[in-house]
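>>> just need the structure, nothing else, for what follows:
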Amino acid sequence: QVQLVESGGGLVQAGESLRLSCAASGRTFSSSSMAWFRQAPGKEREFVARRNWSGETYYADSVKGRFSISRDNAKNTVYLQMNSLKPEDTAVYYCAMFAGGSVREPKAYNYWGQGTQVTVSS
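Below you'll find the model as predicted:
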């Protein structure tokens, strides 16, 4: 059984930065591709960023150039560095472990964390 625990969310002003962390346990983390999704109130969960086990990265157009996904296999942790935050980035952020399928679709991921709230004020 895999457990994912996110942390690092909070309330910030527009233009500021946050770094989210996701600690994984229960499975070989280094061979798994990991991603971040987010869900704003009344909206569907959407893809934010992904980092393959090989190091390849993908980003949603809305965060490209502002967000960066990284991982530390020694710590079984994946990070999301978020810079130049905007009010539209406000959402609950989830990390997820890839199972198979389309890499930007939530259904391709079979393990999820509980989420961490990010609120960006204008």
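
>>> do you know how far the closest residue to W36 other than its chain neighbours is from G26?
In this structure, W36 finds its nearest non-sequential neighbour in V48, 4.3 Å apart by C-beta to C-beta, 6 or more residues apart in numbering. Backbone N, C-alpha and C define where each C-beta goes, glycine included. According to C-beta to C-beta, to the nearest Å, V48 stands 23 Å off from G26.

>>> more crowded one of those two?
V48 (25 against 12; other C-beta atoms under 10 Å).

>>> mind giving me the packing neighbours of the helix or strand that contains that one?
Using DSSP states H and E, V48 sits in strand 46-51. In terms of contacts (3 or more C-beta pairs under 8 Å, 6 or more residues apart in numbering; DSSP states H and E), strand 46-51 is packed against strand 34-39, strand 57-59, strand 67-72, strand 77-82.

>>> tabulate those strands (a markdown table), appending mean neighbour count, distance to S102 and mean pLDDT.
Output for the helices and strands packed on strand 46-51, formatted as a markdown table (neighbours: other C-beta atoms under 10 Å; distance: least, C-beta to C-beta, whole Å; pLDDT from 0 to 100):
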| stretch | mean neighbour count | distance to S102 | mean pLDDT |
| --- | --- | --- | --- |
| strand 34-39 | 23 | 11 | 97 |
| strand 57-59 | 15 | 11 | 96 |
| strand 67-72 | 18 | 18 | 96 |
| strand 77-82 | 22 | 20 | 97 |
